[in-house]
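Peer 1: Show me the folded form of this:
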Amino acid sequence: MVVAALLWIGVVSLALAAGTYPGEIALHVDATDVQRRIYRVTETIPVQSGRIVLHYPQWLPGNHAPRGLIEQLAGLKFRAGDRELAWKRDPLNVYAFEVQVPDGVSRLEAEFQILTAQVTESSRVARVVMTATLLGLQWNQVVLYPAGYAARDIPVRASVRLPEDWKYASALTPAPSASTLEPARFEFMPVPLETLVDSPLYAGRYSRQIDLTPAAGRPVRLNVFAEDAADLAATDEQVAIHRAVVRQTIAALGPPPYAHYDFLVVLSNSLGGIGLEHLQSTEITLDPAYFRSWNDDVDSRDVMAHELTHSWNGKYRRPARLWTPHYNTPMQNDLLWVYEGMTQYYGMILAARSGLWPQDFARDEFAVSAAVFDRKRPGRSWRPLEDTTAQPITAARRALSWVSWQRTEDYYQEGALLWLDVDMRLRALSGGRRSLDDFARRFFAAAPTQGAISTYELADVVRTLNGLAAYDWNSFLRGYVEGTSQSISDGLERAGVRLVFNDKPNATISDYEKAGGFTELVYSLGVTISRDAVLTEVVWDSPAFRAGLTTNTTLVAVNGRTYSAEILKAAITRSGREGVSFDLLVRNQDRYRTVTVSCPQGLQYPHLVPIEDKVDALKAVLAPTD
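Peer 2: Got it, this is the predicted structure:
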């Protein structure tokens, strides 16, 4: 019986019917109940008599994991005319619903509610998506679709009802009849389900749209929503920088894969945080003071460049096993160090090239990335980089007890350092005539292979690199991502800089601390401390680890004095200078104890310094290209 059920699931997931689903699904979302944070959904699904299986999306592009919020679905009912039909959930596939359609019925009416999160802090997965003045609508959260068809072969006509006087932004095209609909109800042109899911909608009471289109480019708009109209004010200089992001990205990666593009940005501390890529748009949450206090959280600005890069890398060109025919076929993450790692690298250098980051800040950011894997991730000694691509599935971004030893989604930051190394090798092998930009412009120009998406394997990456500079790229890349002894410093040193540590604060770390309200001492004591004096990270085998400290421990006193970051830093400095230890009074749950710690290296922060007699190639990498 179990074997038969599993085989049936496989048939539903993988045996796809040829051609387009017969008929057009009508999907309507009433999003007016923002006080109770409820989406009310109705669907009309063309059907034939007999058994039909409907899926709720489980494997979501950009999430790299099965994170469909099936637990939020409630009130599910199916009707054929005036008759209510029974439904049954598959016991081995809780995202699949079976309905028996009576003879003579050609249309199935579905009705349900999505009870969205009330408090983001209650879960690392579910986030608040509706407030009294804002909402972010992801269509995958509000749709059931017929099993047995590819998402690109299921046409959907979507509409949404919003609170009155709200405005919206989306990459979807409004239907010509939209203006004749009832007030605050908006209808969109029919699109394949694949396009619909890839085209979220943001809406709110206060919004602003800024044109970012380059002189000869395709339309690009920055759509900003806020809980306070005052947060929408951007200076001419800030607008110019965001326009430069688009210009610099196109210069680096080549012609855009999008016909038009919409940045969807919410400035809010109430809506849950997100940075998610789509082919023609992106979902981003930033601090309400993003424009007002431009220099208070510099680090977060690179998300604009990162998510735009994903239009090329991840949305148009995608690892073959990260493309699936629909959202209930498992994805495989083996090349996320290309998908996300190269995007992380370009997010960093494009932030510098466009002015989102000052040049010195970008250099300190690279120093921090290298320092993380030099001192903060001893788990590199046992867990290969490639294996961290399984992390979104194995851990689902839940908190880890010993993240430094377990590792997390390191294919982002360490992947960026890998692609810096590739960039430097290309430049050296070609005598300075080629760079990773040349690779990108070739690689992202590939013809589509799966509908409008172009899939690739590692062999395609290697082939393109060899077309620019002959080298054993396959062995190099495999050795790096599959091994556990690769040097983290090679790319930096090829760029003419060296990672060093001293007691001078790093600008990037100072920005982290200011924006997040914490104290970063991972490179000396081996801890990160919250504004409430709680250890949020303890690095494996660090001085704090050897003293028996763990996360969720509160620092009460340092050498008998009430804890403060300044007092602790002074004790660490003295420990390094004079070789003396110091005492920490700590509390974990209801237990107090005193531990003795020694930090022989004193305060340590990472920096990059030029290597004598070598060209500083990182400076050229970070410089604008036009």
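
Peer 1: Every contact and neighbour count from this point should use C-alpha atoms.
Peer 2: Fine.

Peer 1: mind giving me the domain ranges of the chain?
Peer 2: Listed domain ranges for the chain are 1-188, 205-312, 319-496, 507-605 (source: automatic domain parsing).

Peer 1: Pipe those domains into JSON lines and attach distance to D626, mean pLDDT and mean neighbour count per row.
Peer 2: Output for the domains of the chain, formatted as JSON lines (distance: least, Cα to Cα, whole Å; pLDDT from 0 to 100; neighbours: other Cα atoms under 10 Å):
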{"stretch": "domain 1-188", "distance to D626": "28", "mean pLDDT": "89", "mean neighbour count": "17"}
{"stretch": "domain 205-312", "distance to D626": "7", "mean pLDDT": "96", "mean neighbour count": "20"}
{"stretch": "domain 319-496", "distance to D626": "9", "mean pLDDT": "96", "mean neighbour count": "20"}
{"stretch": "domain 507-605", "distance to D626": "26", "mean pLDDT": "97", "mean neighbour count": "18"}
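
Peer 1: Export these to TSV and append columns for distance to S199.
Peer 2: Below are the domains of the chain laid out as TSV (distance: least, Cα to Cα, whole Å):
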stretch	distance to S199
domain 1-188	6
domain 205-312	7
domain 319-496	14
domain 507-605	30
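
Peer 1: Could you point out which of those sits nearest E194?
Peer 2: E194 sits nearest to domain 1-188 of all those, at 4.9 Å, using Cα to Cα.

Peer 1: Who are the contact partners of L356?
Peer 2: The contact partners of L356, by Cα atoms under 8 Å, 6 or more residues apart in numbering, come to 241-242, 245, 298, 301-302.

Peer 1: how does it look with 7 Å?
Peer 2: Going by Cα atoms under 7 Å, 6 or more residues apart in numbering, L356 touches 241, 301-302.

Peer 1: How about T116?
Peer 2: Under the criterion of Cα under 7 Å, 6+ apart, the contact list for T116 reads 37-38, 72, 128-129.

Peer 1: Pick the one among those closest to A158.
Peer 2: Comparing the contacts of T116 against A158 with Cα to Cα picks out I38 as the nearest, at 17.7 Å.

Peer 1: from memory that closest one sits against L115, does it?
Peer 2: Yes: counting by Cα atoms under 7 Å, L115 is a contact partner of I38 at 4.9 Å.

Peer 1: Which single one of the contacts of T116 is nearest to T282?
Peer 2: Nearest to T282, judged by Cα to Cα, of these is V129 at 15.0 Å.

Peer 1: Look up how far P200 lies from that closest one.
Peer 2: Separation of V129 from P200 (Cα to Cα, to the nearest Å) stands at 12 Å.

Peer 1: T42 too?
Peer 2: To P200, T42 is 18 Å away according to Cα to Cα.

Peer 1: Ok, R546 next?
Peer 2: Counting by Cα to Cα - R546 and P200 are separated by 48 Å.

Peer 1: Could I get the contacting residues of Y327?
Peer 2: Contacts of Y327 (Cα under 7 Å, 6+ apart): 57-60.

Peer 1: Cross those against strands and list the overlap.
Peer 2: 59-60 (DSSP state E).

Peer 1: can you put the contacts of Y327 in a markdown table and add distance to A370?
Peer 2: A markdown table is the format used below for those (distance: Cα to Cα, whole Å):
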| residue | distance to A370 |
| --- | --- |
| P57 | 37 |
| Q58 | 35 |
| W59 | 32 |
| L60 | 31 |
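
Peer 1: Turn the contacts of T116 into JSON lines, including secondary structure and distance to I250.
Peer 2: Shown next, in JSON lines, are these (DSSP: H, G, I helix; E, B strand; the rest coil; distance: Cα to Cα, whole Å):
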{"residue": "R37", "secondary structure": "coil", "distance to I250": "38"}
{"residue": "I38", "secondary structure": "strand", "distance to I250": "39"}
{"residue": "Q72", "secondary structure": "helix", "distance to I250": "39"}
{"residue": "V128", "secondary structure": "coil", "distance to I250": "33"}
{"residue": "V129", "secondary structure": "coil", "distance to I250": "31"}
